[in-house]
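**Q** let me see the structure of the following:
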Amino acid sequence: MSATDLADRLGVSRRTVIRDIARLQGEGVPIRLDPGGYTIDGAEEVKRAVDRALTGRRVLRIDYLNSKSEVSTRDVEPSIMLGGRGGFWYLVAWCRLREDVRVFRLDRITRAEVLDERYPEPDERRLSEMTSALPL
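**A** Purely as a prediction, here's the structure:
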């Protein structure tokens, strides 16, 4: 979308859109300006899937590229997504493969598919584990 279209849609000035996008880019959000307007670079489909899984409390199947360039497929129960730490966005989720809380860098998720299965609300113990897993 163009800055003007975004401004109209959000009810803010074009200048505010440009300033906020620059701030997001500085935090590591992969936004680029194409001839048609602003777009989220390559990660848009992954982010949309993560958003749908978070809001619908759905299991998410991801292909994850680790720091050793190895890809694994995992079913996860996403609970928290946050950004801005070291210029990267993170997903905190219960990983069924590892049977533990894991923190996934969004830019390392190469594919994400929202499954029909809903997962239950995390109990206090799991919430505590997820909070302690947040990157500092």
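**Q** contacts, neighbours, all on C-alpha from now
**A** Noted.
**Q** all strands of the chain, in order?
**A** In the chain, strands defined by DSSP state E lie at 31-34, 37-40, 58-65, 71-85, 88-95, 100-105, 109-118, listed in chain order.
**Q** from the chain's centroid, how far away is the helix or strand bottoming out on mean pLDDT in the chain?
**A** Least confident helix or strand of the chain, by mean pLDDT, DSSP states H and E, is helix 124-133 with a mean of 75. Offset of helix 124-133 from its chain centre (Cα atoms, centre = their mean, to the nearest Å): 19 Å.
**Q** got a list of contacts for it?
**A** With contact meaning Cα atoms under 8 Å, 6 or more residues apart in numbering, helix 124-133 is reached by Val92, Ala93, Trp94, Val101, Arg102, Val103.
**Q** now it: buried residues?
**A** Met130 (16 or more other Cα atoms under 10 Å).
**Q** now the angle between strand 100-105 and it, please.
**A** Angle of helix 124-133 versus strand 100-105, following axes from the mean of the first three to the mean of the last three Cα atoms, to 10 degrees, is 40 degrees.
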